[in-house]
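K.L.:
predicted coordinates and the sequence they were generated for:
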Amino acid sequence: MKGFLFICLILIHLFDVSALDINGSAPGYEGKFVRLYLVSDFISFHEQKVDVVKIGVDGNFILKCQLSQAKLLKIKISDISLSLIATPEMNLHLKLTYDEDLNLGRVYDKSFTVEILDNSDFDINESIWEYQKSYAAFLEENHSLLVTKKILPEVHKFQIEMQNKYATRSAEYFRTYLEYDLAALEDAVLGSERTLYDVYIRDRGLLYHNMGYMAFFTQFYQQRFIQISHGKQGFELLSSVNGTQDYDKLKGIVREHEFAGNDTITELFIIQGLKEVYGDETFKKQKVLSMLKYISNHGINTENQRIAANIVKKLTFLLKGSEAPNFNLRDISENVHHLSEQRKNVLLFFWSVNSPTCLREMQFLEEYKEKYSENLVVIGINIDDNVDKAENYMMKQRYTWLSLYKDRQNDVTDKYRVYGVPMYVLMDDRLHILQYPAKRPEENLESVLFRLSSEH
């Protein structure tokens with residue numbers, strides 16, 4: 001009987017998952033790769049890649065994923081992205097274009113403009129984007145009041161106006177998003193904390209997958225953990241983290257806070273607090289990580305466990321001493337090179353033929369390769385989709401350092417989180433991280449290489 005029930009539970013879970021197809025077009029990006037990511041949660045914002053396809057000669061593509069609840073999706077082509085909310089069984093048909101004027105001055109956050117095509121179920125995102133325009137207009141109109149305490153009456157008027165304007169919108173996700181985003185605005189202008197807690201948090205369930213709710217939650221609890229550490233129970237709190245690693249004691253201390261809420265909220269309060277104090281010199285980083293790892297295994301529910309685990313991944317990503325992610329990439333002659341084969345210190349250089357800064361700094365790499373070749377390997381990794389252009393450039397330049405080209409699925413740029421170029425990574429002869437990201441030539445990278453060389 002237990003086996004039968006277990007199988008039934010699995011089947012129920014499977015049937016809760018729905019397929020999502022994103023039919024898109026991206027004129028001007030034919031032949032490039034488009035990637036789809038799911039954002040795991042709204043505290044760590046950990047991104048998981050779920051699909052990658054090559055855009056056809058007609059500019060069209062289809063991305064697929066499985067959803068069991070609403071998720072924030074990110075669609076990326078090279079270093080340009082689009083974020084949107086998707087729910088199970090949603091139908092999406094999009095056209096992506098890049099507006100130079102709208103992205104003027106942006107380096108790492110370039111975004112597409114999206115056009116919603118026929119037969120798309122896009123009420124949630126259209127409503128959010130329309131509301132955000134009204135929100136921005138409200139802030140601009142009341143800019144002079146934002147630094148005073150006279151803004152709260154205007155905020156209350158704006159809340160009523162928006163609730164009335166969008167009262168007939170059918171998407172429950174958007175109505176919840178709107179409610180909590182307006183609550184976050186009230187919190188930001190110093191509305192009553194007690195009222196905000198009683199109305200929007202106490203006795204209401206945690207809405208992990210609603211972006212508006214989680215933005216309000218993280219803002220409301222921001223810095224409260226640190227405040228406790230500075231208060232009368234500060235010594236006990238520090239002792240439970242830095243010393244005894246007593247999670248039950250830590251929960252007991254935080255639960256006494258006036259806005260601690262139920263056990264689930266208390267734990268999420270702690271998770272966010274540990275994330276905030278990771279860089280605080282009062283707390284020991286390894287002890288904070290150990291506590292988060294404990295919660296990732298023993299947290300009150302799977303959502304809190306997942307969030308704690310994602311924060312650990314983010315805080316420990318390519319720290320000094322961590323193992324560098326391996327890769328298998330080809331050179332211009334189609335020979336495959338494995339990072340794991342290297343037996344010297346390694347300097348990785350991520351570059352694009354479209355970046356004048358990258359092209360200018362390549363000459364320094366040639367100097368480093370010549371001067372420190374006894375114990376240093378210089379590896380350049382081109383991240384362009386247009387490999388032919390990059391290869392032609394390299395053949396003309398005749399650089400002698402190892403030049404590789406990214407894999408079709410963009411795994412190497414994901415593994416090293418390459419959001420912009422040039423980017424350098426320095427590792428030792430055991431392929432453990434020394435600097436991530438490493439200094440650039442203009443930041444005196446050579447002094448680091450010289451010191452590293454002299455240690456051998």
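P.N.:
Ah, there it is. Numbers count the residues shown, from 1 in each chain.
K.L.:
switch to C-alpha atoms for all contacts and neighbour counts from now on
P.N.:
OK.
K.L.:
so what's residue 206 up against?
P.N.:
Residue 206 sits next to residue 265 when contact means CA atoms under 8 Å, 6 or more residues apart in numbering.
K.L.:
separation between it and residue 218?
P.N.:
Residue 206 sits 12 Å away from residue 218, going by CA to CA, to the nearest Å.
K.L.:
shared neighbours of these two, anything?
P.N.:
Contact criterion CA under 8 Å, 6+ apart; residues shared by residue 206 and residue 218: none found.
K.L.:
which residues in the stretch 301-450 of the chain form helices?
P.N.:
302-315, 356-371, 387-397, 411-415, 445-454 (DSSP state H, counting those that start in this stretch).
K.L.:
want to throw those into JSON lines with mean neighbour count, distance to residue 42 and mean pLDDT?
P.N.:
Below are these laid out as JSON lines (neighbours: other CA atoms under 10 Å; distance: least, CA to CA, whole Å; pLDDT from 0 to 100):
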{"stretch": "helix 302-315", "mean neighbour count": "20", "distance to residue 42": "9", "mean pLDDT": "97"}
{"stretch": "helix 356-371", "mean neighbour count": "15", "distance to residue 42": "34", "mean pLDDT": "94"}
{"stretch": "helix 387-397", "mean neighbour count": "13", "distance to residue 42": "35", "mean pLDDT": "93"}
{"stretch": "helix 411-415", "mean neighbour count": "16", "distance to residue 42": "19", "mean pLDDT": "90"}
{"stretch": "helix 445-454", "mean neighbour count": "14", "distance to residue 42": "36", "mean pLDDT": "92"}
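K.L.:
what's the closest of those to residue 82?
P.N.:
helix 411-415 (16.7 Å; CA to CA).
K.L.:
contact partners of that closest one?
P.N.:
Residues from elsewhere that reach helix 411-415 (CA under 8 Å, 6+ apart): 325, 327, 383, 406, 419.
K.L.:
try it again with 7 Å
P.N.:
With CA atoms under 7 Å, 6 or more residues apart in numbering as the test, helix 411-415 has contacts from 325, 327, 406.
K.L.:
over to stretch 345-359?
P.N.:
Residues contacting stretch 345-359 (CA under 7 Å, 6+ apart): 375-384, 390, 421-429.
K.L.:
could you turn the buried ones of those into a PyMOL selection?
P.N.:
Command for PyMOL that selects the buried part of the contacts of stretch 345-359, burial taken from 16 or more other CA atoms under 10 Å:
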select buried, resi 375+376+377+378+379+380+381+382+383+384+390+421+422+423+424+425+426+427+428
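K.L.:
next step: the contacts of stretch 345-359 restricted to strands.
P.N.:
Per DSSP state E, strands hold the following members of these: 376, 377, 378, 379, 380, 381, 382, 423, 424, 425, 426, 427.
K.L.:
quick one: these as a markdown table, columns for pLDDT and distance to residue 312 too.
P.N.:
A markdown table is the format used below for the ones in strands among the contacts of stretch 345-359 (pLDDT from 0 to 100; distance: CA to CA, whole Å):
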| residue | pLDDT | distance to residue 312 |
| --- | --- | --- |
| 376 | 96 | 31 |
| 377 | 97 | 31 |
| 378 | 97 | 30 |
| 379 | 98 | 29 |
| 380 | 97 | 29 |
| 381 | 97 | 28 |
| 382 | 95 | 30 |
| 423 | 96 | 23 |
| 424 | 97 | 23 |
| 425 | 98 | 21 |
| 426 | 98 | 22 |
| 427 | 97 | 22 |
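K.L.:
would a markdown table of these with distance to residue 239 be doable?
P.N.:
Below are these laid out as a markdown table (distance: CA to CA, whole Å):
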| residue | distance to residue 239 |
| --- | --- |
| 376 | 44 |
| 377 | 45 |
| 378 | 46 |
| 379 | 46 |
| 380 | 47 |
| 381 | 46 |
| 382 | 48 |
| 423 | 40 |
| 424 | 39 |
| 425 | 36 |
| 426 | 36 |
| 427 | 35 |
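K.L.:
endpoints of stretch 406-417, how far apart?
P.N.:
Start-to-end span of stretch 406-417 (CA to CA) is 13 Å.
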